[in-house]
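J.: Using only what follows, build the 3D model:
(one chain, ligands or ions: 2)
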Amino acid sequence: MTKILSIANPTGGVGKSTSAHALATAFAEYGRRTLLVDFDPRATLTFILGINEPRFTTIDVLRSDARADSAIVSTNHRFSFLPSDSRLSHLSEEGKDFSGFVRRFEEELSTLDTAFDYVILDTPSELSRILLLSLALADFVLVPTTSSVLSMRGAIHVLELITATAEYRSTTPNFLGFLPAIGAQSSDLDQLHKYGELLDPAIAKSALVNEEALRQQSILNSAQQSAVSVAYRELAYFLLERM
Ligand SMILES: Nc1ncnc2c1ncn2[C@@H]1O[C@H](COP(=O)(O)OP(=O)(O)OP(=O)(O)O)[C@@H](O)[C@H]1O
Ligand SMILES: [Mg+2]
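T.: Ligands and ions are numbered 1, 2, ... in the order given. Below is the predicted model:
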């Protein structure tokens, strides 16, 4: 069975895309067949991975305008990738019922020639219906957060949205925990303790992360022994045991 992991926090710049990219890289390193999905209309990962004007994107698959097979591209980083584009934002205006989208996405995954072990969704920074849909599709949810009040507030909002997915599916996704990202320490996130687990290790801050993103790389590829890479690998190992 393919397991779907949504990386979510409606607050911007908390390390969602970086974590999604790093975890896809680490899962693939551990030999898991991994699909990274850009579920953000701003298409950050599509840009970072250097995919220009993809023919089909996430919105086409959700609407059944394209088969997942023809939209998924291979990358030179061992994981596969489903790109995004700004049309994904139109989803917010389409119908109130997500059940159709959820069913179609599941069907598309199940009909692929290569079944994926894991699908990782990188989600947008807004309390939108797209974020809600990404949670409705997910089996598991990981919430990166920094120590800023807004970031922690966003993290708590995700828990409310997880509960709201009950409207679209019989089981709600499992919350895996809060990930202290971009230099946040667990001790900075004390207020979150009562809401759920704080994951270990925290992800250190390093200028290399951004430098490597500009070179269309994850830090895991180019600075394999850096503290950030080691932490993301350790996190990936832990998450694979949990999922
Ligand atoms: N561990 C880190 N150390 C230093 N910089 C980092 C780290 N992780 C992420 N960044 C940088 O912080 C910025 C925000 O990270 P990222 O894009 O992953 O967050 P996001 O939550 O996906 O943001 P958005 O709201 O734009 O979707 C980026 O410039 C990224 O390169
Ligand atoms: Mg992002």
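J.: can you tell me the helix or strand for whichever residue of the chain sits closest to ligand 2?
T.: Ligand 2 sits closest to Ser17 of the chain, with a gap of 3.3 Å, by CB to the ion. C-beta: built from backbone N, CA, C; applies to glycine. According to DSSP states H and E, Ser17 maps onto helix 16-29.
J.: quick check, that helix touching ligand 1?
T.: Yes. Residues of helix 16-29 are located near ligand 1 by CB under 6 Å from any ligand atom, namely 16-18.
J.: following that helix, which helix or strand comes up?
T.: strand 34-38.
J.: what is the mean pLDDT for that following strand?
T.: Averaging pLDDT along strand 34-38 gives 97.
J.: neighbouring contacts of the next helix-or-strand element following it?
T.: For strand 34-38, the following helix or strand on the C-terminal side (DSSP H and E) is helix 44-48. Helix 44-48 is contacted from outside by 17, 20-21, 36, 38, 54, 57, 81, 83-85, 122, 213, 216, using CB atoms under 8 Å, 6 or more residues apart in numbering.
J.: Would you mind writing the CA trace of helix 44-48 as PDB?
T.: Listed next in PDB are the C-alpha coordinates belonging to helix 44-48 (Å, rounded to 0.1, in the frame of the first residue of the first chain):
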ATOM      1  CA  THR A  44       8.300  26.200  -5.300                       C
ATOM      2  CA  LEU A  45       9.700  22.700  -5.700                       C
ATOM      3  CA  THR A  46       8.900  22.600  -9.400                       C
ATOM      4  CA  PHE A  47      11.100  25.600  -9.700                       C
ATOM      5  CA  ILE A  48      13.800  24.300  -7.400                       C
END
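J.: what's next to the helix or strand following it, contact-wise?
T.: The first helix or strand that comes after helix 44-48 along the chain, using DSSP H and E, is helix 58-62. The contact list for helix 58-62, computed with CB under 8 Å, 6+ apart, reads 37-39, 65-68, 71, 82-85, 87-88, 90-91, 101, 104-105, 108, 133.
J.: Mind checking which of those land in helices?
T.: 68, 71, 101, 104-105, 108, 133 (DSSP state H).
J.: Could you work out the most separated pair of the residues you listed?
T.: Greatest spacing in the ones in helices among the contacts of helix 58-62, by CB to CB: Ala71 and Leu133 (16.7 Å).
J.: Can you get me a residue count around the residue nearest to Thr75 when sequence neighbours are not counted?
T.: Leaving aside its sequence neighbours, Thr75 sits nearest to Phe81 (CB to CB, 6 or more residues apart in numbering; 5.1 Å). Phe81 is flanked by 23 other residues according to other CB atoms under 10 Å.
J.: Thank you, goodbye.
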